[in-house]
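# Sequence and computational prediction follow.
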Amino acid sequence: MIMDFWDIYNKHYERVRKFVFALVKDEWAADDLIQETFIKVQKNLNQLRDETMLSSWIFRISYNLCQDHFRKKTILEKECTFEVDERNVLVCDPVSNKN
């Protein structure tokens, strides 16, 4: 099975972008997740056995990456309080686990 990555990218990009943005509602995070989706597609394209499942496969990859994003975000929010330092940089100040 020979599929051109750029044909796949051009055909599926807009639908994946809308899907991911609808889930994460953050343009920057969505851009990162879309990029990660297509990197995984490119790396693993040779493992796809049934070309008719391509679209479902791509959307499953993007959905799983969104779920990972939410898990990481939840963990980060539990472990950090965010503050802006003197240079106007957002920093994570670890939350102490003092009981």
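Arrived safely, thanks for sending.

# From the chain's centroid, how far away is stretch 20-33?
Its chain's average C-alpha position is 7 Å from that of stretch 20-33, according to Cα atoms, centre = their mean, to the nearest Å.

# for this protein, what spans make up the helices?
Counting by DSSP state H, the chain has these helices, from start to end: 5-24, 27-44, 54-79.

# want to throw these into JSON lines with mean neighbour count?
Glycine gets a C-beta too; all of them are placed from N, C-alpha and C. Listed next are the helices of the chain as JSON lines, based on neighbours: other Cβ atoms under 10 Å:
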{"stretch": "helix 5-24", "mean neighbour count": "15"}
{"stretch": "helix 27-44", "mean neighbour count": "16"}
{"stretch": "helix 54-79", "mean neighbour count": "14"}
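
# Dump those into CSV; add mean pLDDT and distance to E86 as well.
Formatted as CSV, the helices of the chain follow (pLDDT from 0 to 100; distance: least, Cβ to Cβ, whole Å):
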stretch, mean pLDDT, distance to E86
helix 5-24, 96, 31
helix 27-44, 96, 24
helix 54-79, 88, 22
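
# any chance of those in CSV, with distance to R87 too?
Formatted as CSV, those follow (distance: least, Cβ to Cβ, whole Å):
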stretch, distance to R87
helix 5-24, 28
helix 27-44, 20
helix 54-79, 21
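
# and of these, who's closest to D85?
Among those, the nearest to D85 by Cβ to Cβ is helix 54-79 (17.3 Å).
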